[in-house]
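Chemist: next comes the sequence, and after it the predicted model I'd like to discuss.
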Amino acid sequence: MAVLVKYGLEEVADLIRLRVQGKAHRPIYYDTSSPAKYHTRPVRVRLVLEELGPTFIKFGQLLSTRPDLIPHDYVVELARLQDQVAPADPNQIIQTIEQELGRPIKELFLRFENDPIAAGSIAQVHRAQLPDKTEVVIKVLRPGIRQLVRTECQIIKELASLLQGTIWEGQGLDLVRMADDLTEAIIRETDLANERRNILRFAKAFESDPAIHIPRVFEPYCTDTVLTMEYIDGIKPSPVEALARHGLDQRLIARRGADFVLRQVFELWIFHSDPHPGNFFVLPDNVLCPIDFGQVAVLPSTDRRLIGEILHAIMLNDGARIVSILDGHQMLEEQTDQARLSAEIEQLIANYRNLPLKDIPFNQIFTQVFDLIRTHKVRTPARFSLMLKSLATIESFGKSLDPDFNMAQAITPYVRQILTADLKPKRLWQTLQSSLYRATSMALQLPQDAELLVRKMRLGRIQVRVHHEHLENLTKTLDKSSNRISFALIIAALLVASSLLVPQEGKALGFISLQTLGVAGYVVAAILGIWLVASIIRSGRL
C-alpha cells in the first residue's frame with residue numbers, strides 16, 4: 001500500500017486497506033507526499049511493479065505482450081521493465097546443480113564459471129565446459145524461486161479480484177482473466193523441462209533450414225531446474241552497427257527473422273511468443289539463432305480455423321462476416337454493438353485495401369486492430385492475441401534492421417497458403433472423412449442414448465433445468481417490493497393501533513399508560529415511515 005500511494009495510486013491502496021484493516025493489529029497509515037505521483041499513470045504503474053519485485057516485474061513484462069488487454073501507452077511503458085536483479089550466491093547455484101545432477105560440480109564439468117553471464121528474476125545463466133571440452137551454458141533456477149513465484153502469483157490473482165475495474169475502469173478490462181493467463185505463463189517459466197522440450201521441438205522443425213540454428217541441448221545435464229545447452233558465440237542484432245562491422249547483411253537477417261516467425265505461425269502452429277532482438281544471436285553467414293524458449297505458444301486447431309476464416313473474410317472485405325465469425329467462436333459480449341463493430345472493421349480494411357504492399361503500415365494496422373478488440377470487448381483467445389503481438393514484434397525487428405522491410409509482402413505467401421489449403425483434394429478428403437466418421441459415430445451411438453433416455457424417464461430420473469436470463473434481478477426486485485409492502489402494512493397497523501390506544505384510559509401490564517403506548521406507536525410509525533420514504537427516494541424509483 002505504501003508503494004501504491006508513493007506513486008499516486010491511492011484509490012487502489014484504499015481498497016486494499018479496507019480489505020486488510022480488520023486483520024491488522026493497528027491502524028494503517030501511509031505517506032501521501034511523494035513527488036513520484038506526478039508522472040503519467042502508465043509510468044507510475046511501471047514504477048510500482050519495479051519496486052514490488054521480481055514476480056511483479058515479470059508480470060508486467062508479460063502484460064506488455066498483450067495489447068489486446070491493455071491500452072497502447074501501457075504496452076509501451078511496461079515493455080521498458082528491466083529484469084535486473086543481483087545474482088544468487090554461486091555456492092547455492094553449485095549446490096542446486098549438484099543436487100539435481102547427482103554428482104560434484106568438478107566431476108560434471110571441466111570448468112564452471114561462478115560469475116553468471118546473465119541473471120534474471122527466475123533463473124541465471126553460467127558458462128561451463130563439459131568433460132569433452134564442449135562449451136556450454138547452464139541455466140539454473142534461483143533457489144526457492146518456485147515457492148516465491150507461486151506465492152506472489154496468488155497475491156497477484158487476489159489483487160486482480162480486488163481491483164477489478166479500478167485501474168482501467170470503463171475499458172472492459174478483465175483483470176481476473178488477465179491475472180490467470182499471465183501468472184500461468186510465469187509459473188511455466190519456472191519449469192526448465194518445459195523449455196527443454198520447446199527447444200527440441202524447434203530443433204526438429206528447423207533441422208533442414210540452414211538459415212536458422214537452434215541451440216543444442218545436452219539432455220544428460222538437464223532436469224526441471226537445470227538446463228544445459230550449447231554456448232552460442234554470436235552477436236546481438238541490436239545495435240545494427242555491430243552487424244555492419246562483422247560484414248553481415250542486415251536486409252537478409254530481417255527477412256530471415258520474419259520467415260522464422262511466419263513459418264512458425266502459419267505452418268508449424270507453434271511460435272516463440274516474444275521474438276524481440278534480445279532473444280536472437282546472429283552467427284556467421286547471416287544465420288539466425290533464437291534463444292530463451294521459456295515462452296512458446298501452441299495454436300490449437302480452433303485458433304487455426306479462426307485465422308483462416310478471418311483472412312478469407314478480409315479478402316472479401318466482409319466486416320459483417322468477420323463479426324459473425326467472432327460471434328460464432330463466442331468472442332463477443334451480449335452488449336457488443338455488432339453493427340458498429342462491423343462498420344469499423346470494414347472501414348479499417350478499406351483504409352488499406354488499395355494501397356501497394358510496400359505502403360501498408362503493418363504495425364499501425366496491428367495497433368488499430370488491438371484498439372478495436374479492447375473497445376468492443378472482444379474476448380480473443382490468449383494464444384491468438386500472442387500470435388498477433390508476435391507478428392507485430394517481428395515487424396518492428398525487421399524495420400530496425402531494414403527500413404524498407406515490408407511485412408505485408410513477407411506474409412502474403414503464407415496467407416495464400418492458408419486460403420488455398422482447404423481447397424486441396426487431400427484436405428477436402430480429410431475433412432469429408434472426419435465429418436463422415438463423426439456422423440457414423442453419432443448414428444451408432446443414437447440407439448444407446450435413446451434407450452438410456454427412456455430408462456431414466458421410466459425411473460423418474462429426468463431433470464429439466466430452466467435458466468431464465470436476468471431472473472436474479474427480478475427476484476431481487478420482488479424481494480424489495482415485498483419488503484416495502486410489509487413495512488407499509490406494519491406502519492399502517494401501528495397507526496391504527498395507536499389511534500385506538502390514545503383515547504383510552506388505564507394502564508397496560510399495570511405500569512404504562514395506554515396513551516403513552518399509543519404515542520410511542522406514533523413515534524415508531526413515523527421513524528419507519530421516514531426510513532421507507534428515504535429508501536424509495538434513494539432508489540430513484542418513485
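Modeler: Arrived safely. Residues are numbered from 1 along each chain as shown.
Chemist: tell me the first helix or strand C-terminal of the lowest-mean-pLDDT helix or strand in the chain.
Modeler: In the chain, no helix or strand scores lower on mean pLDDT, DSSP states H and E than helix 10-20, which sits at a mean of 65. As assigned by DSSP states H and E, the chain's next helix or strand after helix 10-20 is helix 41-52.
Chemist: so how far is the helix or strand just after that following helix off the chain centroid?
Modeler: Downstream of helix 41-52, the next assigned helix or strand under DSSP H and E is helix 54-63. On the basis of C-alpha atoms, centre = their mean, to the nearest Å, helix 54-63 sits 12 Å off its chain's mean C-alpha point.
Chemist: ditto for stretch 447-465
Modeler: Centre-to-centre, stretch 447-465 and its host chain are 42 Å apart (C-alpha atoms, centre = their mean).
Chemist: ditto for stretch 243-262
Modeler: 31 Å.
Chemist: got the buried residues for it?
Modeler: 243, 248-250, 253-262 (16 or more other C-beta atoms under 10 Å). Where C-beta positions appear, they are placed from N, C-alpha and C, glycine not excepted.
Chemist: would you map the helices across the stretch 201-350 of the chain?
Modeler: 240-245, 250-263, 301-315, 319-328, 338-353 (DSSP state H, counting those that start in this stretch).
Chemist: so which of the ones you listed comes closest to Pro210?
Modeler: Ranking the helices of the stretch 201-350 of the chain by proximity to Pro210 (C-beta to C-beta) places helix 250-263 first, at 10.2 Å.
Chemist: from the contact counts, what lies against that closest one?
Modeler: Judged by 3 or more C-beta pairs under 8 Å, 6 or more residues apart in numbering; DSSP states H and E, the packing partners of helix 250-263 are helix 240-245, strand 287-290, helix 382-401, helix 407-421.
Chemist: distance to Gly506 and mean pLDDT added to the ones you listed, as a markdown table?
Modeler: Shown next, in a markdown table, are these (distance: least, C-beta to C-beta, whole Å; pLDDT from 0 to 100):
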| stretch | distance to Gly506 | mean pLDDT |
| --- | --- | --- |
| helix 240-245 | 104 | 83 |
| strand 287-290 | 98 | 92 |
| helix 382-401 | 79 | 80 |
| helix 407-421 | 95 | 75 |
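Chemist: tell me which of the ones you listed is the most buried.
Modeler: Of all the helices and strands packed on helix 250-263, helix 382-401 carries the top mean neighbour count, a mean of 22, counting by mean count of other C-beta atoms under 10 Å.
Chemist: can I get that helix in PDB, CA atoms only?
Modeler: Output in PDB follows, covering the C-alpha atoms of helix 382-401 (Å, rounded to 0.1, in the frame of the first residue of the first chain):
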ATOM      1  CA  ALA A 382      -4.800 -15.700 -25.300                       C
ATOM      2  CA  ARG A 383      -2.700 -17.500 -27.900                       C
ATOM      3  CA  PHE A 384      -4.400 -15.800 -30.800                       C
ATOM      4  CA  SER A 385      -3.500 -12.400 -29.300                       C
ATOM      5  CA  LEU A 386       0.100 -13.500 -28.600                       C
ATOM      6  CA  MET A 387       0.300 -14.500 -32.200                       C
ATOM      7  CA  LEU A 388      -0.700 -11.100 -33.400                       C
ATOM      8  CA  LYS A 389       1.700  -9.500 -30.900                       C
ATOM      9  CA  SER A 390       4.500 -11.800 -32.200                       C
ATOM     10  CA  LEU A 391       3.900 -10.700 -35.700                       C
ATOM     11  CA  ALA A 392       3.900  -7.000 -34.700                       C
ATOM     12  CA  THR A 393       7.200  -7.600 -32.800                       C
ATOM     13  CA  ILE A 394       9.000  -9.300 -35.700                       C
ATOM     14  CA  GLU A 395       7.800  -6.500 -38.000                       C
ATOM     15  CA  SER A 396       9.500  -3.900 -35.700                       C
ATOM     16  CA  PHE A 397      12.600  -6.200 -35.600                       C
ATOM     17  CA  GLY A 398      12.700  -6.300 -39.400                       C
ATOM     18  CA  LYS A 399      12.200  -2.500 -39.700                       C
ATOM     19  CA  SER A 400      15.000  -1.900 -37.200                       C
ATOM     20  CA  LEU A 401      17.400  -3.800 -39.500                       C
END
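Chemist: and that helix, what does it pack onto?
Modeler: helix 240-245, helix 250-263, strand 270-272, strand 296-298, helix 301-315, helix 362-375, helix 407-421.
Chemist: try 7 Å this time
Modeler: In terms of contacts (3 or more C-beta pairs under 7 Å, 6 or more residues apart in numbering; DSSP states H and E), helix 382-401 is packed against helix 250-263, strand 270-272, strand 296-298, helix 301-315, helix 362-375.
Chemist: low-scoring stretches of the stretch 1-150 of the chain, by residue?
Modeler: For the stretch 1-150 of the chain, residues meeting the criterion pLDDT under 70 lie at 10-38, 82-84.
Chemist: what about 50?
Modeler: Scanning the stretch 1-150 of the chain for pLDDT under 50 picks out 24-25, 28.
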